[in-house]
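Enquirer: compute the structure for the input listed below.
(one chain, ligands or ions: 1)
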Amino acid sequence: MTTPDRITTPISPDSRTLRTALLLGATSDIGIAVLAELVEHGLERAVLAARDPDAAEQLVLDAAPTLRVDALAWDALEVEGHRAFVERAAEVLGGIDVVICAVGLLGHHAGRSMGPVDVEHMVRTNFAGPAAMLAAVGQHLAPRRHGTIVVLSSVAGVRARRSNYVYGSSKAGLDAFAQGLGDALVGTGVRCVVVRPGFVRSRMTHGLDPAPFSTDPATVARATVAALHRPGQEVVTVPRVLGPAFAVLRAAPRSLWRRVAGDR
Ligand SMILES: NC(=O)c1ccc[n+]([C@@H]2O[C@H](COP(=O)([O-])OP(=O)(O)OC[C@H]3O[C@@H](n4cnc5c(N)ncnc54)[C@H](OP(=O)(O)O)[C@@H]3O)[C@@H](O)[C@H]2O)c1
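Expert: Take a look at the predicted model:
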């Protein structure tokens, strides 16, 4: 991370208006819903980072037809190119106001059935790849003293369940990384907001029975954008009731947690 004492650019006076965005994982239902919600609050232009940029562009324009978009090929696992990709996105946008990291891979109820190759792939997709990109984003934004980073974590990372502990542990890693990054960026003018949804009815969970307090991408998007307009809010749990619920559950004895989580 570039040290704050090398920072020279002043914070923009309209730093609370988010006009440009970089969406990482730009075919994500939740990520696209966040972009659409940001458009309602003044977002004008976005770079869409996706493995399939054409698909991402189509999906985003369906959801936010007025948004000016540039869709670029990007794979979270190709970490060597992350720094250059951020520079390119910033050049296209003329400066980045907000970065949304929506990369993720669930794997339906995959736990013990996952062997070493699948485990490594999930950990790289949910944690190592996004973390490497967030490091690049932090290094780009900090010297410019401007920018907001939104990281899609999950309540699944608060306490891993036996049915999907690979996903849960990978989200826990990303969540801890994002919190640490946010703390490291304090004083630079850059902010990192961690979003922890519960079960969201999206492409990722298609075909699964909804968990209690399930929600939809638009609801996650509204809560996320509302938090961006509240200076100081660092974590958003959606729906809100899951925040205190998981604060209790994470402290529950393991035997009780196993019963509560069941096979969900
Ligand atoms: N849905 C839920 O219940 C839920 C709950 C809590 C948290 N979350 C988190 O919210 C985020 C968005 O989830 P979602 O529900 O919107 O799921 P989604 O629609 O399946 O989106 C996941 C995104 O990750 C992208 N991705 C996967 N591997 C990638 C890679 N190697 N490089 C680049 N992009 C890659 C996918 O791109 P492709 O189109 O190329 O596959 C897709 O854009 C994820 O981080 C997820 O863990 C979801």
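
Enquirer: can you give me how far stretch 213-233 is from the chain middle?
Expert: 12 Å (C-alpha atoms, centre = their mean, to the nearest Å).

Enquirer: ends of it, what's the gap?
Expert: Terminal residues of stretch 213-233 lie 22 Å apart, using C-alpha to C-alpha, to the nearest Å.

Enquirer: list of residues touching that stretch?
Expert: With C-beta atoms under 8 Å, 6 or more residues apart in numbering as the test, stretch 213-233 has contacts from 16, 18, 29-30, 32-34, 36-38, 40-41, 98, 148, 150, 193, 195, 197-202, 236, 238-242. For the C-beta atoms, the positions are set from N, CA and C on the backbone; glycine is no exception.

Enquirer: go again with 6 Å.
Expert: Identification of contacts with stretch 213-233 by C-beta atoms under 6 Å, 6 or more residues apart in numbering yields 29-30, 33-34, 37-38, 193, 195, 197-202, 236, 238-239, 242.

Enquirer: what's the following helix or strand after the helix or strand A184 falls within?
Expert: Assessed by DSSP states H and E, A184 sits inside helix 165-185. Scanning forward in sequence from helix 165-185 by DSSP H and E, the next helix or strand is strand 190-197.

Enquirer: in the sheet, which strands lie alongside that next one, parallel or antiparallel?
Expert: Sheet pairing here is set by DSSP bridges, and for strand 190-197 it gives strand 147-152 (parallel), strand 235-238 (parallel).

Enquirer: buried ones in the shortest one, by neighbour count?
Expert: Read it as strand 235-238. For strand 235-238, burial by neighbour count (16 or more other C-beta atoms under 10 Å) applies to V236, T237, V238.

Enquirer: do stretch 243-252 as well
Expert: The neighbour-count criterion (16+ other C-beta under 10 Å) identifies A245, F246, L249 as the buried residues of stretch 243-252.
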